[in-house]
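Okay, predicted coordinates and the sequence, questions at the end:
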Amino acid sequence: RFTFMSRRAAPDDAGASNPCIGLTPLDLITCDRDEAARERHRQDLAEQRAFRDFIYRRQLGDEGERWISSSGRPCYDSDGVFLGYRGVASDITEAREMRAAITRATSRLQQTIELIPEGLALYDPDDRLVLCNDRYREMYPVVADMIRPGVSFEELLRAAAARHAYDLPAAQIEGFVQERLAAHRRGDGISEHRLQDGRWLQVNERRTDDGSRIGIWADVSEIKHREEALRRSEQRFLSMTANIPGVVFQASFREAAGFKFTFVSEGVRELFGIAPEAATAGIGVMRRRIHPEDAERIAAAMLRASAQLARFDAEFRIFAQSGALKWVRCIASPQRLDDGDVRWDGVIEDVTERKRYEAALKESEERYALAMQGANEGLWHWDILTGHVAMSPRLAELVGMAVPDPTDAQRLYAERVHPDDRERRRAAYRDHISGRTPVYACEYRVQDGSGQWRWLYDRGLAQRDAFGRAFRMAGSASDITARKAHEH
């Protein structure tokens, strides 16, 4: 039973007397329903054992229910006779409430960070783990058993390296560890690393005012895989365009800003003598290479094509880096984008040789026409791309018709050919156009104006572009009816 109690331990309304004097410690427990704890304390008292931090609740006057922590040790006289207990009691209500509040806050914080899809970890100023979410543990399954409060960052890092978590050669591991440690301790940026299982992690760490470090670990594998696929696609595209003769380009047009190249293939070096990066830096560097007599025409045609979204197809002259004059052909398709810009996808090919062939052919045709004016020859010229055929008056005379319109000449002429010879004539054309024969030559019959059949010896030569494709053909036809009659 209590023989003395300080005023702080007595109820506020106790007055001069202390109602606790004479009571046992168990009598003071007025609010506690923990019978097991009371029983243990009763046994301690009965067996005269010391006790420490026996916690219970009691009513303290107007202060209401309070939590009390009590400790005591037994006292004996000189003969070893038990005299009672001497001890202290403390009101720990505020401390318990604070701990409860901290526990609730910690629980809410833990629940909150568990909702974060990325891994999150907080390390204290001594670089030891304070808290983390489960996602952080999932990021490094090989050391998940070690990720617990108190473990140091370096300990985890080295354990992960020793367990082959990182996709690095053994010779590079220590260098990576040192670099990763330095970045973590600085806590001032973003780093990325690849794991052995193929995943990519991005780490964004920051240093707090007290020297702690908080980090976010994000799985960026999908982004990395897409970046790698895009890089491979770009490499394939660049490799492909580098092997295409001429220049492959993409440009954008905006009315206020004009034209700008967004991509130019490596072919621009050979054709223009300009580096691709110089061409994309400003369209002026290529525009200045256009022959002054063609520049205004080409600029106007480009503006019209952009306004009308019409296919652009033009030939013009340029000056190469060496000063040589070249003919080029530009073909492009403008397309309006959602933002209002017009995107051009196109190619520029060198047609200098073709132009030379055309000039030489024209000169040859003129000489030939002049020489054939008095001869028994019929001349023809076929534009393979359009299908138009130009016939000389003599050839029209041989087949008994007036000089036809070029757009319909091919059909009208074919109708004059003897049915038994038509397929052989077509086969001879196909063989030459496809390159299987060096020249076109065929003997066949045609019907003249009187209804008689004449034998013609038809021959010609195709003109081809840089790719070997025939785009034009010219030739002549001779009347060999007399020779055929003599042969038979």
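Yep, it's here.

hang on, isn't Gln463 packed against Leu361?
Yes - counting by C-beta atoms under 8 Å, Gln463 does reach Leu361; the two are 6.0 Å apart. In short, each C-beta sits where N, CA and C put it, glycine included.

Quickly list what's touching both of those two.
Residues touching both Gln463 and Leu361 (C-beta atoms under 8 Å, 6 or more residues apart in numbering): Arg472, Ala474.

which residue sits farthest out from the middle of this protein?
Outermost residue of the chain with respect to the C-alpha centroid, by C-alpha atoms, centre = their mean, is Asp79; its distance is 90.5 Å.

where does that residue fall, phi/psi-wise?
As for Asp79, its main-chain torsions (degrees, to the nearest 10) stand at phi -90, psi 0.

so how far is Asp134 from it?
Distance, Asp79 to Asp134, using C-beta to C-beta, to the nearest Å: 63 Å.

tell me which residues in stretch 443-450 are buried?
Burial within stretch 443-450, assessed by neighbour count using 16 or more other C-beta atoms under 10 Å, is assigned to Glu443, Tyr444, Arg445, Val446, Gln447, Asp448.

Could you give the number of residues near Asp339?
When counting by other C-beta atoms under 10 Å, one arrives at 7 neighbours for Asp339.

Need the per-residue pLDDT for it.
Looking at Asp339, its pLDDT reads 89.

That one belongs to a strand?
No - if the criterion is DSSP: H, G, I helix; E, B strand; the rest coil, then Asp339 is coil and not within a strand.

Please report phi then psi for it.
In terms of degrees, to the nearest 10, the main-chain angles of Asp339 are phi -80, psi 0.

neighbours of the residue nearest to Ile190 when sequence neighbours are not counted, just the number please.
Excluding its sequence neighbours, the residue lying closest to Ile190 (C-beta to C-beta, 6 or more residues apart in numbering) is Asn204, at 4.9 Å. By other C-beta under 10 Å, the residues close to Asn204 number 14.

helices or strands next to the helix or strand where Asn204 lies in the packing?
Secondary structure assigned from DSSP states H and E places Asn204 in strand 200-207. Other helices and strands packing on strand 200-207, by 3 or more C-beta pairs under 8 Å, 6 or more residues apart in numbering; DSSP states H and E, are helix 170-186, strand 188-194, strand 213-219, helix 221-242.

Look up how far Tyr85 lies from the residue farthest from the centre of the chain.
Asp79 is 18 Å from Tyr85, by C-beta to C-beta.

ok, and what's touching stretch 254-269?
Stretch 254-269 has contacts (C-beta under 8 Å, 6+ apart) with 238, 241-242, 244-253, 274-276, 279-280, 282-283, 286, 302, 340-342, 344.

hmm, 7 Å instead?
241-242, 244-253, 274-276, 279-280, 283, 302, 341 (C-beta atoms under 7 Å, 6 or more residues apart in numbering).

Mind listing what's buried along that stretch?
Per 16+ other C-beta under 10 Å, stretch 254-269 contains these buried residues: Phe259, Phe261, Val264, Ser265, Glu266, Gly267, Val268, Arg269.

same question, stretch 148-157
For stretch 148-157, by 16+ other C-beta under 10 Å, it's Val151, Phe153, Leu156, Leu157.

What of stretch 180-190?
Arg180, His184, Arg185, Gly187.

Distance check, Lys362 against Gly468.
21 Å.

neighbour-wise, which of those two wins?
Neighbours per residue, other C-beta under 10 Å: of Lys362 and Gly468, the larger number sits with Lys362, 11 against 8.

For that one, pull up the helix or strand it's in.
helix 352-372.

doesn't Glu315 make contact with Ile298?
No - contact status for Ile298 versus Glu315: not in contact, 9.5 Å apart, counting by C-beta atoms under 7 Å.

And the two? Which one has more around it.
Ile298 (19 against 15).

what phi and what psi does the backbone show at the closest residue to His418 other than its chain neighbours?
Among residues not flanking His418 along the chain, Arg445 sits closest, at 3.9 Å (C-beta to C-beta, 6+ apart). Backbone torsions of Arg445, given as degrees, to the nearest 10, read phi -100, psi 140.

so how far is Leu456 from Arg445?
On the measure of C-beta to C-beta, Arg445 and Leu456 end up 7 Å apart.

Check the gap between Arg128 and Ser107 for me.
From Arg128 to Ser107 the distance is 21 Å (C-beta to C-beta).

ok, the two, which is more surrounded?
Neighbours per residue (other C-beta under 10 Å) separate Arg128 from Ser107, with Arg128 holding more: 15 against 10.

Tell me who's in contact with that one.
For Arg128, the contact set (C-beta under 7 Å, 6+ apart) comprises Gly150, Val151, Ser152.

With the flanking residues excluded, which residue is spatially nearest to Cys330?
Closest to Cys330 by C-beta to C-beta, 6+ apart is Ile348, at 4.8 Å.
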